[in-house]
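A.B. asks: Sequence and computational prediction follow.
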Amino acid sequence: MAQREVEEKMPQIQLLGILSSKLDESPENILLSCLKGTRSELSSNDQLKGGTTKKDYELLREAISRRHFALAEKIKCEISYKYLPYFVAMQMALFSYFDILQQSFRRTSPKFIFVPEVIKESKFHSKVKNHLDYVLKNYYNFVEKGVDPKEARYMLPMLFDMNMSVGGNLREFFHFILMSQSDDVPHVLRDVGIKTKSQIGEYVSNLLKIIDDSDISLNDFHPTPNLFSQKNPFFNDLFSNNRYKPLIENCEKTVILDLPNLPENMDSSTQKHYKISQVSKVSMYLLHQLSRHRTWVISPETLRQAASHYEFSIPPSVIRRKLKQDYIKIMNSSYNLFTQLKDGSQES
């Protein structure tokens, strides 16, 4: 496997498709016909034949002002994300109503890196680049020695790129765009949100303006954790709870917090009424996989909280190939650089 030095890339976003029809109508016209169909004996198809007027947009504005955001679910989009930093991809995977297909870590190799401007402009830039070259070289060495390529990725910082195709309705894309502008998120995520909005806005500009003018907030959407918040209060409360604290402190993998009495011979029609709550220690890569199971409700620690207690997983194929100590050395090196960057940013 050919080795290469780290090459920097910025994310690229391209709309692949948006709801269209055999009638060659615009997505907004289809949406308006569906809305008018709720207030008339005429079907949405009949409404579509009647055309669209300025009054229809006033009707849409009035519906959105009453928090009728289900209207935005009528329009579906498919967007391609290229050179996406892995930490941004992780956040996007936490949105419950996105359909995601991503680049396989087992069948592809890391190629590009995103370096934040704050690092480029700091005294640490060359040190960061040298470290990224170091871990990338070790990634290729591990793969050549028989480590599973997917598991070899565990040593790489979350700045390395991946490609994703993301599908979903406009309501969930608006949710992502709004969260991407939150105070705590990194600049690259904000930029991805802005570019996503720009791509969609070319086709639904009127709807976008109506929603922008409304008093919309994150509380209007299905809850989605923000990995970049200062903290997840749930864990602060959990760790201070005398009932759970001893269990969690002595936990290696999973602690069951709440287990209902499950009936015998339970069929699929009743399973959704029984909830099991647990706390698990997982790697960031496993979190990414778990977040794609839509029947799970996941509330992870924020990245800041996770970084405060330095722990990492050692993949099975690393152990089988007797590379455990090399792996630990690489991970310690990454964490040492992280602490230098954190302390340096505090000084500045």
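C.D. replies: Structure's in. What do you need? Residues are numbered from 1 along each chain as shown.
A.B. asks: Give me the neighbour count for L42.
C.D. replies: Counted with other C-beta atoms under 10 Å, the neighbours of L42 add up to 14. Where you see a C-beta, it was placed from the backbone N, CA and C, and this is true even at glycine.
A.B. asks: Please disregard the earlier target; I meant D183.
C.D. replies: There are 7 residues near D183, going by other C-beta under 10 Å.
A.B. asks: Next: R39.
C.D. replies: 10.
A.B. asks: now S317
C.D. replies: Neighbour tally, S317, other C-beta under 10 Å: 18.
A.B. asks: Excluding chain neighbours, give the residue nearest to it in space.
C.D. replies: Closest residue to S317 apart from its sequence neighbours, by C-beta to C-beta, 6 or more residues apart in numbering: D148 at 4.3 Å.
A.B. asks: Against R107, how distant is that neighbour?
C.D. replies: Per C-beta to C-beta, to the nearest Å, D148 is found 11 Å from R107.
A.B. asks: Kindly report the same for R294.
C.D. replies: If you go by C-beta to C-beta, the gap between R294 and R107 works out to 24 Å.
A.B. asks: out of D148 and R107, which sits in the busier spot?
C.D. replies: Between D148 and R107, counting by other C-beta under 10 Å, D148 is the more crowded of the two (18 against 8).
A.B. asks: ok, now which ones touch that one?
C.D. replies: 106, 315, 317 (C-beta atoms under 8 Å, 6 or more residues apart in numbering).
A.B. asks: what's the answer for I100, then?
C.D. replies: 92-93, 164-167, 292.
A.B. asks: buried subset of these?
C.D. replies: Those of these that meet the buried threshold are 92-93, 164-167, by 16 or more other C-beta atoms under 10 Å.
A.B. asks: Okay, and which of those residues map to helices?
C.D. replies: 92-93 (DSSP state H).
A.B. asks: Any idea how many residues pack against the closest residue to E73 other than its chain neighbours?
C.D. replies: Nearest non-adjacent residue to E73, counting by C-beta to C-beta, 6+ apart: N169, 4.2 Å away. For N169, the neighbour count with other C-beta under 10 Å is 19.
A.B. asks: Identify the bridge partners of N169.
C.D. replies: K76 (DSSP bridges).
A.B. asks: if I look at it, how far off is K120?
C.D. replies: 36 Å.
A.B. asks: How about F98?
C.D. replies: 30 Å.
A.B. asks: if you count what's nearby, which of these two comes out ahead?
C.D. replies: F98 (21 against 12).
A.B. asks: what residues are up against the more buried one?
C.D. replies: Per C-beta under 8 Å, 6+ apart, neighbours of F98: 92, 166-168, 172, 176.
A.B. asks: Please read off the pLDDT at it from the model.
C.D. replies: pLDDT for F98: 94.
A.B. asks: quick one on the thing from earlier: need the contacts of F98 in CSV (columns: pLDDT and distance to L156).
C.D. replies: Listed next are the contacts of F98 as CSV, based on pLDDT from 0 to 100; distance: C-beta to C-beta, whole Å:
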residue, pLDDT, distance to L156
M92, 95, 19
V166, 96, 22
G167, 95, 27
G168, 95, 27
E172, 95, 29
F176, 97, 25
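A.B. asks: any idea which of the residues you listed is closest to M158?
C.D. replies: M92 (13.1 Å; C-beta to C-beta).
A.B. asks: quick one on the thing from earlier: who are the contact partners of the residue nearest to E73?
C.D. replies: So N169 contacts 72-77, 97 (C-beta under 8 Å, 6+ apart).
A.B. asks: which intervals of the stretch 201-348 of the chain have sub-threshold pLDDT?
C.D. replies: 242-252, 268, 345-348 (pLDDT under 70).
A.B. asks: can you list the contacts of D148 in TSV and add secondary structure and distance to N241?
C.D. replies: Shown next, in TSV, are these (DSSP: H, G, I helix; E, B strand; the rest coil; distance: C-beta to C-beta, whole Å):
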residue	secondary structure	distance to N241
R106	coil	40
P315	coil	32
S317	helix	37
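A.B. asks: can you list these in CSV and add distance to F235?
C.D. replies: Converted to CSV, the contacts of D148 look like this (distance: C-beta to C-beta, whole Å):
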residue, distance to F235
R106, 32
P315, 25
S317, 31
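A.B. asks: Other residues contacting the helix or strand harbouring Q305?
C.D. replies: Per DSSP states H and E: Q305 is located in helix 303-308. For helix 303-308, the surrounding residues in contact (C-beta under 8 Å, 6+ apart) are 87, 227-232, 235, 284, 300, 338.
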